[in-house]
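Q: Next come a sequence and a model predicted from it.
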Amino acid sequence: MVVLAKGELEQIALPAVQKAAPPLADVPEVDLAAAASRGAEGRAAAARAVAAACEEHGFFKVTGHGVPLDLLARVENAAAAFFALQQRDKESAMSAVAPGSPFGYASKRIGSNGDLGWVEYLLLGVTAAGASTGDHSADEPLLPAPADEEAVPSAWRCSFRDLLNEYTVAVRRMTCEVLELMAEGLGMAETDAFARLVLEDDSDSMLRVNHYPPRPELKHLQQLHGGGGGGGRVTGFGEHTDPQIISVLRSNATSGLEIALRDGTWVSVPPDQGSFFVNVGDALQVLTNGRFRSVRHRVMVNSVRSRVSVIFFGGPPPRETLAPLPQLVGEGGRSRYREFTWREYKSSAYRTKLADNRLCHFETTS
Ligand SMILES: O=C(O)CCC(=O)C(=O)O
Ligand SMILES: [Fe+2]
């Protein structure tokens with residue numbers, strides 16, 4: 001992990017007045033296995049619960065998801081092994097992708113507009129076949145040859161790719177089940193209205209593997225700021241909403257994820273390594289005419305334990321036109337967003353900072 005340069009810590013430290021966020025007491029939860037086993041009534045109840053959580057928080061937990069726990073553990077271990085590599089070997093994962101591509105390895109810098117966080121990550125595009133950096137054929141290792149080939153044999157790099165592919169395929173399948181429940185919960189006849197966008201061959205989906213190394217000196221910083229749990233809070237990933245339709249997150253047992261409630265209060269989400277957390281993204285807020293809200297969230301760094309998280313972002317194809325679905329606007333209702341393509345949204349978002357509200361450019365005024 002690269003060390004922070006002078007001045008960078010100040011940029012990612014929260015103001016000393018910010019107290020630690022209290023835990024969210026009742027994380028809304030849906031058990032997919034139970035929903036499937038309880039017939040039409042059970043499914044309808046789960047769909048209503050999902051829709052209610054998306055309206056209230058834009059956030060909920062999924063249990064009974066069917067993704068094997070040993071696959072989750074293998075991905076977590078492989079990710080930890082990747083981030084434990086020499087810095088130059090991790091950086092060489094970046095050098096194989098096209099210049100200007102967001103894919104590959106990066107540390108501290110989030111996006112292209114100066115946002116910093118105490119995080120390093122691997123960002124991968126997702127194709128119909130699984131995860132890739134966009135430049136690799138199915139037979140090549142996902143990660144390119146490191147400076148020291150001996151240290152990271154190509155067989156290891158190949159198996160990391162296979163693992164992330166297997167994970168992506170399983171998580172995308174479960175994501176689509178969740179998207180169908182959302183559509184059912186909204187009372188839509190076309191229950192694949194959201195899932196079909198994520199299943200298109202050219203859907204703009206991604207996989208991000210994040211690593212937040214611990215910062216033991218945080219305790220010391222807190223004392224410097226006079227204690228009280230405020231000073232010395234360092235941002236791993238600054239506050240933002242996710243742009244896509246849906247994000248499905250799984251982390252190790254380390255806390256750090258926080259979400260903003262409707263009134264703007266920040267609460268922390270107790271980690272649960274056997275479950276997934278779902279975020280409503282900006283695109284789904286648009287499709288539902290604002291009925292579902294894209295949740296503002298951030299990650300704070302832990303002083304003692306490293307956090308590893310893997311997030312699948314399900315997005316629509318670049319050519320897809322997004323607008324509130326007519327059945328959700330209702331006859332005579334007002335469409336809160338104008339029509340735009342996903343490509344248009346992305347190029348507008350490209351010019352923004354992480355914390356910006358990217359949807360305001362697409363809101364209708366009357
Ligand atoms: O790493 C996490 O737990 C969440 C990070 C996040 O919000 C993101 O990558 O969009
Ligand atoms: Fe996010």
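A: All right, it came through fine. Ligands and ions are numbered 1, 2, ... in the order given.
Q: contacting residues for the nearest residue to Arg343 once chain neighbours are set aside?
A: Nearest residue to Arg343 in three dimensions, chain neighbours excluded: Pro318, at 4.2 Å (C-beta to C-beta, 6 or more residues apart in numbering). For every residue, glycine as well, the C-beta is placed using N, CA and C. Counting by C-beta atoms under 8 Å, 6 or more residues apart in numbering, Pro318 touches Asp202, Asp204, Thr341, Trp342, Arg343, Lys346.
Q: A helix includes the fifth one, no?
A: Yes - using DSSP: H, G, I helix; E, B strand; the rest coil, the assignment for Arg343 is a helix.
Q: Tell me how far it lies from ligand 1.
A: According to C-beta to the nearest ligand atom, to the nearest Å, Arg343 stands 20 Å off from ligand 1.
Q: So Phe83 is in contact with Lys90, correct?
A: Yes - counting by C-beta atoms under 8 Å, Phe83 touches Lys90, with 7.1 Å between them.
Q: Could you tell me which residues touch both of the two?
A: Common neighbours of Phe83 and Lys90 (criterion: C-beta under 8 Å, 6+ apart): Glu120.
Q: When the two are compared, which one has more neighbours?
A: Lys90 (24 against 21; other C-beta atoms under 10 Å).
Q: Not counting its neighbours along the chain, what's nearest the more buried one?
A: Excluding the flanking residues, the one nearest Lys90 by C-beta to C-beta, 6+ apart is Tyr105, at 4.9 Å.
Q: quick one, phi psi at that neighbour?
A: Tyr105 has phi and psi values of phi -100, psi 140 when expressed as degrees, to the nearest 10.
Q: I'd like to know how many residues surround it.
A: Counted with other C-beta under 10 Å, Tyr105 comes out at 23.
Q: could you measure it against ligand 1, distance?
A: Using C-beta to the nearest ligand atom, Tyr105 is found at 14 Å from ligand 1.
Q: Just the local confidence number for that residue, please.
A: Note on Tyr105: pLDDT of 89.
Q: can I assume it is in contact with Glu91?
A: Yes - using C-beta under 8 Å, Tyr105 makes contact with Glu91 at a distance of 6.2 Å.
Q: count of neighbours near the residue of the stretch 251-366 of the chain found nearest ligand 1?
A: Per C-beta to the nearest ligand atom, Ser309 is where the stretch 251-366 of the chain lies closest to ligand 1, at 3.6 Å. Residues within reach of Ser309, counting by other C-beta under 10 Å, total 25.
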